[in-house]
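**Q** Build me a model:
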Amino acid sequence: MHKVAAIIPARYNATRFPGKPLALLKKKLLIQHVYEQASRARLVNSVIVATDDQRIYDAVAGFGGSVVMTSAGHESGTDRIAEAAENIDCDYIINVQGDEPFIEPQMIDDVVNLLYNDERVAIGTLVKRVTEADDVRSPHVVKVVMDEEGFALYFSRAPIPYHRDMWKDLESIQFEGQDPVVFKHIGIYGFRRESLRKFSSLKKSRLEEIEKLEQLRALNAGMKIKVHETEFETFGIDTIDDLRKAEEWQNTSL
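**A** This next block holds a predicted model:
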């Protein structure tokens with residue numbers, strides 16, 4: 001049986017919300033919510049927080065979590081987990097975002113199964129069907145198109161696929177029943193150990209620089225990304241206002 005490590009990257013100096021991992025949500029640290037949810041995944045053998053800040057390190061250790069210090073020079077969470085993974089006994093690494101307190105353990109298991117079930121998969125991730133026109137229009141919601149086997153063809157902040165016969169323009173987007181079919185990306189990634197090493201060694205691609213989406217670096221290098229459609233919704237915390245909204249979010253098991 002392969003060993004699976006869920007690694008949660010957590011830095012203190014987020015531009016829009018400094019100190020975010022240590023913010024309180026329902027009287028518990030944000031990073032603790034994520035840690036406890038990840039620990040409930042059936043297919044995960046270990047959960048580790050990877051940080052560059054002593055305050056976060058001490059907080060995680062304080063609630064009994066596993067935590068490692070990493071370099072402060074990493075540009076992305078993926079680079080941070082790649083450093084941490086070098087000293088962890090595991091075959092698969094799941095990058096669980098540190099600002100997703102509502103992540104369901106099943107979502108993590110679904111990503112693990114993508115790696116278990118298909119040797120062609122270098123990276124596994126999740127998508128969810130879009131049902132709101134605003135999500136299609138929003139550049140903050142990343143859309144993805146896949147082939148018939150569920151391998152990602154492209155990720156974009158733009159509306160893809162563009163339903164030309166249904167939409168006259170972006171303002172005319174409407175959903176009737178199950179149409180149009182658009183998928184949004186859920187930002188959890190699963191890597192084989194060798195895939196994570198390869199990814200972290202790659203230079204940024206031109207498409208990544210344009211869209212500001214690091215998964216395009218992997219596609220540009222020919223790495224196969226397979227997706228699973230999830231039924232679960234998530235709520236990422238990017239700002240203090242998001243934290244306030246999260247307190248009232250209805251679909252929570254916290």
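**Q** Every contact and neighbour count from this point should use C-alpha atoms.
**A** Noted.
**Q** Just the buried positions in stretch 212-228, please.
**A** Counting neighbours by 16 or more other CA atoms under 10 Å, one finds that the buried residues in stretch 212-228 are 213-219, 223-228.
**Q** May I ask which two of the residues you listed are separated the most?
**A** Using CA to CA, those span at most 19.9 Å, a distance reached by Arg217 and His228.
**Q** if we can go back for a sec, looking at the buried residues of stretch 212-228, which one is closest to Ile103?
**A** Out of these, the member with the shortest distance to Ile103 (by CA to CA) is His228, at 15.0 Å.
**Q** Would you agree Pro9 falls within a strand?
**A** Yes: assessed by DSSP: H, G, I helix; E, B strand; the rest coil, Pro9 belongs to a strand.
**Q** now for the lengthiest strand in the chain, which elements pack on it?
**A** Using DSSP state E, we find that the single longest strand of the chain is strand 183-192. Counting contacts by 3 or more CA pairs under 8 Å, 6 or more residues apart in numbering; DSSP states H and E, strand 183-192 packs against strand 92-95, helix 105-117, strand 123-129, strand 143-146.
**Q** Go again with 7 Å.
**A** With contacts taken as 3 or more CA pairs under 7 Å, 6 or more residues apart in numbering; DSSP states H and E, strand 183-192 sits against strand 92-95, strand 123-129, strand 143-146.
**Q** highest average neighbour count across those strands?
**A** Compared across those, strand 92-95 shows the largest average neighbour count, a mean of 26 (mean count of other CA atoms under 10 Å).
**Q** Which secondary structure elements does it sit against?
**A** Judged by 3+ CA pairs under 7 Å, 6+ apart, strand 92-95 is in contact with strand 4-10, strand 183-192.
**Q** Would you convert those into a markdown table that also reports mean neighbour count, mean pLDDT and distance to Glu208?
**A** Shown next, in a markdown table, are the helices and strands packed on strand 92-95 (neighbours: other CA atoms under 10 Å; pLDDT from 0 to 100; distance: least, CA to CA, whole Å):
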| stretch | mean neighbour count | mean pLDDT | distance to Glu208 |
| --- | --- | --- | --- |
| strand 4-10 | 27 | 96 | 20 |
| strand 183-192 | 23 | 96 | 15 |
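**Q** one step back: in strands only, show me the buried residues of stretch 212-228.
**A** 225-228.
**Q** Which of these sits closest to Lys245?
**A** His228 (27.3 Å).
**Q** if I look at the spatially closest residue to that closest one that is not a sequence neighbour, how far off is Ile94?
**A** Excluding the flanking residues, the one nearest His228 by CA to CA, 6 or more residues apart in numbering is Leu126, at 4.9 Å. In this view, Leu126 and Ile94 are 12 Å apart by CA to CA, to the nearest Å.
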